[in-house]
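Engineer: heads up, no residue letters with this:
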């Protein structure tokens, strides 16, 4: 304090921006698991991820999540891809593969929270072996058979915390948090 | 360490035992969403819940999760029920309905962590209106359209922290956490 860099130590700790997170889903099976991948996308968006790279592409999933964004706001996007390795190689930050076979998440968290851009990768039933070597980290959310939706949700919460009740930008609908029942406020443009 | 949940604000206060958690899934649609409810059960077990009350019953789900318990250990059970209200009424502790319309989770956490037995309730697409009044708390994990698998996972992590790498009791298989690839150790009885 006396050496006076105007409190920058405290400031940098308090004001560090949250890491920006993208999610890459590898090995989606169009037609077979639409609901599971939809849930993955919903969880990613609801817990603050910026985008879902979807491999392989699936128009139905993209449309469904696009409708959620139109109604509930924000800039979450589904980016279809046939080349998941290119997504990983182009990513400017740590690539974190969520797998029950990996190392524990918690010791890695302080380092990850300092990153600007994180790519979280979730596979389906069969994960391409290359993924284990291409990822910066292979990380387990518990070492038990698991759900990739659950693993993603816990990781996003640990990295960014839970979002508050404010609506996202451009939202036509917003929840009014309430102890009993449902309250949703719609913007005036909504009925047309 | 085992009880730790670093980063989510929990200070390890002496040795208070972690709350025992049961999960009630209402409105499962047998045949329609087997994978989603399977993921819900896997997440519940992997993150330390004791049982899944499944409404309505579904033998296929019960078998699938039963096989996971035989291989990977622990005492997690699927309890089929046609009467979800009876499950709620018989529960000796707070009943927490996870819904995007509820109040924020975080302010409630200190109170919940002091409970001995918690019942987490997740609905499907259509939630019976009675649930909002029968629940002790209606709680939101973010006020956005969401995945019940994700909401359950975040809540279990916030209540109990992440489990360590030790195998569960009676496990035939255990993961050996590793930075690259997969290592699974099988108990000697396994091959027969």
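Structural biologist: That came through, no problem. Everything quoted here is computed from the prediction, not taken from an experiment. Numbering: from 1, shown residues only, chains lettered A, B, ... in the order given.

Engineer: how about the nearest residue to residue A:148 once chain neighbours are set aside, what does it touch?
Structural biologist: What sits nearest to residue A:148 in space, not counting adjacent residues and going by C-beta to C-beta, 6 or more residues apart in numbering or on different chains, is residue A:122, at 4.1 Å. For glycine as for every other residue, the C-beta is placed from the backbone atoms N, C-alpha and C. Residues in contact with residue A:122 (C-beta atoms under 8 Å, 6 or more residues apart in numbering or on different chains) are A:23-26, A:40, A:97-98, A:148, A:151-152.

Engineer: cool, residue A:120 as well?
Structural biologist: So residue A:120 contacts A:21-24, A:49, A:96, A:98, A:152, A:155-156 (C-beta under 8 Å, 6+ apart).

Engineer: so which of the contacts of residue A:122 wins on neighbours?
Structural biologist: Neighbour counts for these (other C-beta atoms under 10 Å in any protein chain shown) peak at residue A:152, which has 30 neighbours.

Engineer: now for the longest strand along chain A, which elements pack on it?
Structural biologist: Assignment by DSSP state E gives strand A:95-104 as the longest strand of chain A. The contact analysis (3 or more C-beta pairs under 8 Å, 6 or more residues apart in numbering or on different chains; DSSP states H and E) places strand A:95-104 against strand A:117-122, helix A:130-134, strand A:137-140, helix A:148-160.

Engineer: as TSV, these with distance to residue A:80 and mean pLDDT would be great.
Structural biologist: What follows is the helices and strands packed on strand A:95-104, written out as TSV (distance: least, C-beta to C-beta, whole Å; pLDDT from 0 to 100):
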stretch	distance to residue A:80	mean pLDDT
strand A:117-122	16	98
helix A:130-134	19	97
strand A:137-140	25	98
helix A:148-160	18	98
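
Engineer: and residue B:106, which of the ones you listed is closest to it?
Structural biologist: helix A:148-160 (10.8 Å; C-beta to C-beta).

Engineer: in the contacts of residue A:122, find the pair that's most separated.
Structural biologist: Longest span within the contacts of residue A:122, C-beta to C-beta: A:40 and A:97, 14.7 Å.

Engineer: please enumerate the helices of chain A.
Structural biologist: Remark: helices assigned in chain A by DSSP state H are A:8-15, A:34-46, A:59-72, A:84-90, A:109-113, A:130-134, A:148-160.

Engineer: tell me who's in contact with residue A:91.
Structural biologist: A:22, A:117, A:119.

Engineer: in the sheet, who's paired with the last one?
Structural biologist: To tie it back to what came earlier, the one meant is residue A:119. When bridges are called by DSSP bridges, residue A:119 pairs up with residue A:22, residue A:95.

Engineer: run a quick neighbour tally on the closest residue to residue A:74 other than its chain neighbours.
Structural biologist: Once flanking residues are discounted, residue A:74 sits nearest to residue A:168: 3.5 Å by C-beta to C-beta, 6+ apart. Neighbour count of residue A:168, defined by other C-beta under 10 Å: 17.

Engineer: cool, thanks, signing off.
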